[in-house]
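Engineer: Provide a 3D model corresponding to the input given below.
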Amino acid sequence: MISCQAYPSFPGTCEEALNFYAKALGGKIPVMPHNAGSPMESRVPPANYCKPVHGFSVTLNLDTPENADRIFSVLCEDGSIGMDSQEPFWARRFGMRTDWFGTPWMVNCEKPM
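Structural biologist: Next up is the predicted model:
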């Protein structure tokens, strides 16, 4: 089994971004530690973590086209669309976009096998 976790960071907008993602994806944030005032504040300058994202996308695999359309629409607010949500040959829905925080997303709903 492989486990993968992402640790996003944002230039002063992390709490805003995570609250936006929680709302868009229907999640909850149980704990939101802050760098300021923590032991890490002096060891890890925020500038080291706040570089633009390159070379990957966060991919959401959803169960229905309706969920894919809803989430894609919410994530598209004030962002840029790389590929509008559509039905390509491999999926019932697929779309690519970069949200206004700079996070690249792929929203996918596979066809039943």
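
Engineer: Tell me, how many residues neighbour residue 88?
Structural biologist: Using other CB atoms under 10 Å, residue 88 is surrounded by 12 other residues. Where you see a C-beta, it was placed from the backbone N, CA and C, and this is true even at glycine.

Engineer: Checking the residue of the chain most remote from its centre next. Helix, strand or coil?
Structural biologist: For the chain, the C-alpha lying farthest from the average C-alpha position belongs to residue 42; by CA atoms, centre = their mean, that distance is 27.7 Å. The three-state assignment at residue 42 reads coil, by DSSP: H, G, I helix; E, B strand; the rest coil.

Engineer: got the contact list for residue 24?
Structural biologist: Residues in contact with residue 24 (CB atoms under 8 Å, 6 or more residues apart in numbering) are 71, 74, 75.

Engineer: Let me see the mean pLDDT of the one helix or strand residue 18 maps to.
Structural biologist: Taking DSSP states H and E as the definition, residue 18 sits inside helix 14-25. Averaged across helix 14-25, the pLDDT comes to 90.

Engineer: Equivalent analysis for stretch 60-78, please.
Structural biologist: The average pLDDT for stretch 60-78 rounds to 92.

Engineer: What residues sit buried inside it?
Structural biologist: 60, 62, 67, 68, 69, 71, 72, 75, 76 (16 or more other CB atoms under 10 Å).

Engineer: wait, the third one sits on residue 108?
Structural biologist: Translated: residue 67. No. Distance between residue 67 and residue 108: 10.8 Å, which falls outside the contact criterion (CB atoms under 8 Å).

Engineer: where's the closest residue to residue 81 other than its chain neighbours relative to residue 109, distance?
Structural biologist: The shortest distance from residue 81 to any residue other than its chain neighbours is 4.7 Å, reached at residue 97 (CB to CB, 6 or more residues apart in numbering). Applying CB to CB, to the nearest Å, the value for residue 97 to residue 109 is 15 Å.

Engineer: one step back: just the C-alphas of the helix holding residue 18, formatted as CSV.
Structural biologist: Listed next in CSV are the C-alpha coordinates belonging to helix 14-25 (Å, rounded to 0.1, in the frame of the first residue of the first chain):
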residue,chain,number,x,y,z
CYS,A,14,-2.9,29.4,3.6
GLU,A,15,-5.8,29.6,5.9
GLU,A,16,-8.0,31.2,3.2
ALA,A,17,-7.0,28.6,0.7
LEU,A,18,-7.6,25.6,3.0
ASN,A,19,-11.0,27.0,4.0
PHE,A,20,-11.9,27.4,0.3
TYR,A,21,-10.8,23.8,-0.4
ALA,A,22,-12.7,22.4,2.6
LYS,A,23,-15.9,24.2,1.4
ALA,A,24,-15.4,23.2,-2.2
LEU,A,25,-14.8,19.6,-1.4
